[in-house]
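J.: Starting from these lines, generate the structure:
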Amino acid sequence: MSAPLVTILDDEPAIRTMLSDALEDAGFRTMAFARATEFEAALRSARPDICLVDLSLPDRDGLTLVHRLALEQGATVIIISGRAQVQDKVTGLELGADDYIIKPFDPAEVVARVRARLRRDSATPQSSETARFNGWVAHFDRYVMEDESGAETPFSHAEGEVLRLFLERPKRLISRQAMQEALGGAAGDSFDRAMDVRISRLRTKLREDPRNPRLIKTIYGAGYIFLGDVTWG
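T.: Numbers count the residues shown, from 1 in each chain. Predicted coordinates:
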């Protein structure tokens, strides 16, 4: 079994070298790119386990790229950025990133975050990639939801993590703290707002009435509860 592949997209040569060296010393394979066009071309033949993406790119808007990676590729994305404002972090998480690391950083922290993300991704049995609930089929191997007519709606890796959490714990209250512990990331306003956005998007994709959702209920002051009947496999 080959080592996990981590791609690095950053226009600073020193950052690419530092991360490549640290990750390879930790046992990962790496591919590093200075431009988004080179990175996107490589994705036609490579399937990375983790994508490290800088937001300040010379040839493409980083946030747009993150959203496309998360939604169309179903990729696990960790943003590495010098943008330290809370709003940038929230926006990145809202657009589908799985984590956000602010520059300057210790490369050991990046290695630890990559390992933690891979542990969470591998913790779910690979045999449980399809779930049926209330007329929907969620295909976690392809990151799409299929309705009764066969029409498919894509979801991002980050949205898929939230959906899987609900489907694995139907009809049970899931607190904000439990979500943070299950999905990772630092607790706080940015995590809470990112979760709110992801849940809102899932409700929209499930064609829920935002004023009276049937499946994903908000229990104010406590958390969320998924009311569907779920069958895996």
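
J.: Let me know the pLDDT of the residue nearest to Ala84 when sequence neighbours are not counted.
T.: Ranked by Cβ to Cβ, 6 or more residues apart in numbering and with sequence neighbours excluded, the top spatial neighbour of Ala84 is Ile102, at 5.0 Å. All C-beta spots, glycine's among them, are computed from the backbone N, C-alpha and C. Per-residue pLDDT puts Ile102 at 90.

J.: Distance of Ile102 relative to Leu55?
T.: Taking Cβ to Cβ, to the nearest Å as the measure, Ile102 and Leu55 are separated by 11 Å.

J.: Quickly list what's touching both of those two.
T.: Ser81, Arg83 (Cβ atoms under 8 Å, 6 or more residues apart in numbering).

J.: what secondary structure does Ala116 sit in?
T.: Secondary structure for Ala116, judged by DSSP: H, G, I helix; E, B strand; the rest coil, is helix.

J.: That one touches Gly184, doesn't it?
T.: Yes. If you go by Cβ atoms under 8 Å, Ala116 and Gly184 touch, sitting 6.1 Å apart.

J.: where does this structure dip in pLDDT?
T.: The chain contains residues with pLDDT under 70 at 1, 71, 120-127, 185-188.

J.: could you show me where the helices are in it, in order?
T.: 13-25, 36-42, 62-68, 86-94, 107-122, 157-168, 176-183, 189-205 (DSSP state H).

J.: I'd like to know which of the ones you listed is closest to Asp147.
T.: helix 189-205 (9.9 Å; Cβ to Cβ).

J.: Not counting its neighbours along the chain, what's nearest Ala26?
T.: Ala26 sits nearest to Val111 (Cβ to Cβ, 6+ apart), 4.8 Å away.

J.: Great, nothing more from me.
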